[in-house]
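compute the structure for the input listed below.
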Amino acid sequence: MTDSRQVVLKALSLLNTGRNLPDALSQAGISKLSPRDRAFARRLAVHAVRHRRRLEQQIQAYLQRPTKDRGVLDLLWLGAAQIDLADVATHAAVNSTVEVAPKRLRGLVNAILRRRLREAPAAPQGLAEQHSFPGWMVARITRDWGDRAGEILDQLNQDPALCLRINRQKSSRAQWLTALSDDSAQSLGSDVVQSDGVVLAQSRELAELPGYADGGLSVQGPSAQAAAHLMQLQSGQRVLDACAAPGGKTAHMLELCPDIVCTALDIEPARVARIEDNLKRLGLQARCMSGDMLEPGDWAGEYDRVLLDVPCSGTGVIARHPDIKWLRREQDVAQLAARQLKMLQRAWSWLAPGGVLLYCTCSILSEENDAVVAGFLNEQPEARLQALSLPFGQASEYGWRVAPQAPYEGFYFARLIKDP
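Sure, this is the predicted structure:
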């Protein structure tokens, strides 16, 4: 029988090769585990990845000589993560790690982990060590957010709430909450941009929720739910969701205004298939296309509204995807920003006079947000900003930024209008 610790150990090893955590867990065989063991494996893997820097620094301190042997480090990383979990007995954390170690390493693993139990680790120093983030990322967040950096890093290390969007074409939020028949969920808020949102007190299997199979709801972060509302949609408008996968914002726009003519574009065919599947479950229709928006294609045309949720560093959603800390490199940010500007320029060329373009990211780094919009405005005299106001987040120089603060994920919006 597959052991949950073996699955996590293999996943951690795969993470070192550049795999993201969900793919690593899948390849490691998490689907072969029982539901209970699968939940434990996910929780252990997320904790290990989320606190990697702190745990690995502790491990190195207990070694007589520092090592770069990933086989040794991954085992000790797994063991230290288990010791961290309050509901895992310390002897079980050590013994279960020793059991999955190769025979040649069992003595070393046992000795180091038992030393960890005997000797309290040194207190981490500085924000990067305290919150287990790469130094470059902490420096960027501190530069952009100042005194709020520590609070933001702490929020990014918390387990995120499960947030849902109720499909108003199927039922109202009040009706859905009544159908749930317990107090495990609450309304996101009363403002119009929160009007379809629900926050669950704890994660649950989606299949257990009323109406999921029939398209009554979708999983979507509360910040992301604002995007469709900010589009100022009207019946009959031609609308492009230019980076649409997995289709949450496409679907939300169609739920809000079913009579728009919507095109959903994404660069990856497999992800376009996910858009189509999601729309089918929700009972919605759009023209779904696969292609690189920077290349010529049938998606080029004139649109009244364009939603451009560009690929980004994902620094605003690290709470849900802690592997971003270790997969993202500092040089990626400038490369992403350069591509984001090109995508904004291309999307703008398809916007009809008088039309609205919403630029957004799930990044909290200004280089991908205000800086991109500023660079674009310098080149486009016919573009003008339209002021935004949301019941969460704050205005920035060119748009609206949302710091990660439960239940909201980090996000950025800028709304641009093309003069007639």
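
partner residues bridging Leu385?
Beta-bridge pairing for Leu385 (DSSP bridges): Leu416.

need the contact list for it.
373, 377, 398-399, 414-417 (C-beta atoms under 8 Å, 6 or more residues apart in numbering). No exception for glycine: its C-beta is placed from N, CA and C like everyone else's.

can you check Pro404 too?
152, 155-156, 316-319, 364, 410.

now, which of those residues sits nearest Thr178?
Using C-beta to C-beta, Ala319 is the member of the contacts of Pro404 that lies nearest Thr178, at 29.9 Å.

just flag the most distant two among the contacts of Pro404.
Of all pairs in the contacts of Pro404, the most separated under C-beta to C-beta is Ile152 and Val317 at 12.5 Å.

give me the number of residues near the closest residue to Val402 other than its chain neighbours?
Computed as C-beta to C-beta, 6 or more residues apart in numbering, the closest residue to Val402 that is not its neighbour in sequence is Gly393, at 3.6 Å. Neighbour count of Gly393, defined by other C-beta atoms under 10 Å: 21.

kindly report the same for the one 3 residues further on.
For Ser396, the count of nearby residues is 17 (other C-beta under 10 Å).

that one touches Val372, doesn't it?
No. Counting by C-beta atoms under 8 Å, Ser396 stays clear of Val372, with 11.9 Å between them.

in a strand, that's where Val198 is, yeah?
Yes. Secondary structure of Val198 (DSSP: H, G, I helix; E, B strand; the rest coil): part of a strand.

tally of neighbours for it?
21.

now the closest residue to it other than its chain neighbours: how far from Asp196?
Nearest residue to Val198, sequence neighbours excluded (C-beta to C-beta, 6+ apart): Leu164, at 4.5 Å. Remark: distance between Leu164 and Asp196 (C-beta to C-beta, to the nearest Å) = 9 Å.

and if you look at Gly216?
Counting by C-beta to C-beta - Gly216 and Asp196 are separated by 11 Å.

show me what whichever helix or strand Thr178 is part of is packed against.
Assessed by DSSP states H and E, Thr178 sits inside helix 173-180. Applying 3 or more C-beta pairs under 8 Å, 6 or more residues apart in numbering; DSSP states H and E, we find helix 173-180 packed against strand 185-187, strand 197-200.

at 10 Å instead, please
Here helix 173-180 touches strand 162-166, strand 185-187, strand 197-200, going by 3 or more C-beta pairs under 10 Å, 6 or more residues apart in numbering; DSSP states H and E.

closest to Leu209 out of the ones you listed?
Nearest to Leu209, of all these, is strand 162-166, at 7.6 Å by C-beta to C-beta.

just put the contacts of Pro404 in a markdown table and tack on secondary structure, distance to Pro121 and pLDDT.
Shown next, in a markdown table, are the contacts of Pro404 (DSSP: H, G, I helix; E, B strand; the rest coil; distance: C-beta to C-beta, whole Å; pLDDT from 0 to 100):
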| residue | secondary structure | distance to Pro121 | pLDDT |
| --- | --- | --- | --- |
| Ile152 | helix | 25 | 98 |
| Gln155 | helix | 24 | 98 |
| Leu156 | helix | 22 | 98 |
| Gly316 | helix | 30 | 98 |
| Val317 | helix | 29 | 98 |
| Ile318 | coil | 23 | 98 |
| Ala319 | coil | 24 | 97 |
| Ile364 | coil | 29 | 98 |
| Gly410 | coil | 30 | 98 |
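
most neighbours, which of those?
Gly316 (30 neighbours).

who touches both of Ser396 and Val372?
366, 412, 414 (C-beta atoms under 10 Å, 6 or more residues apart in numbering).

pick the one among those closest to Asn278.
Ranked by distance to Asn278 (C-beta to C-beta), the shared contacts of Ser396 and Val372 are led by Tyr412 at 23.8 Å.

skipping adjacent residues, who's closest to Asp419 in space?
In space, Asp419 is closest to Glu382, 4.7 Å off (C-beta to C-beta, 6+ apart).

now do His321
In space, His321 is closest to Gly314, 6.2 Å off (C-beta to C-beta, 6+ apart).

and Gly150, by the same measure?
Leu127 (5.9 Å).

return the distance of the helix or strand hosting that neighbour from the chain's centre.
Of the helices and strands defined by DSSP H and E, Leu127 is found in helix 126-131. When C-alpha coordinates are averaged (C-alpha atoms, centre = their mean, to the nearest Å), helix 126-131 and its chain have centres 21 Å apart.

now the next helix or strand after it: average pLDDT?
As assigned by DSSP H and E, the chain's next helix or strand after helix 126-131 is helix 135-145. In this model, helix 135-145 has a mean pLDDT of 98.

quick check on Gln394: phi, psi?
Backbone torsions of Gln394, given as degrees, to the nearest 10, read phi -150, psi 160.

what's opposite it in the beta bridge?
Beta-bridge partners, per DSSP bridges, of Gln394: Arg401.

got a pLDDT number for it?
pLDDT, Gln394: 97.

contact partners for it?
Residues near Gln394 by C-beta under 10 Å, 6+ apart: 400-403.

and which of those residues is nearest to Ala89?
Ala403 (37.3 Å).

any idea how far the residue nearest to the closest one when sequence neighbours are not counted is from Trp326?
Counting by C-beta to C-beta, 6+ apart, Ala403 lies nearest to Ile152, which is 5.5 Å off, once chain neighbours are set aside. From Ile152 across to Trp326, the span is 18 Å (C-beta to C-beta).

got the contact list for Arg19?
So Arg19 contacts 11, 13, 25-28, 323, 327 (C-beta under 10 Å, 6+ apart).

then Val193?
Val193 makes contact with 222-223, 225-230, 389-392, according to C-beta under 10 Å, 6+ apart.
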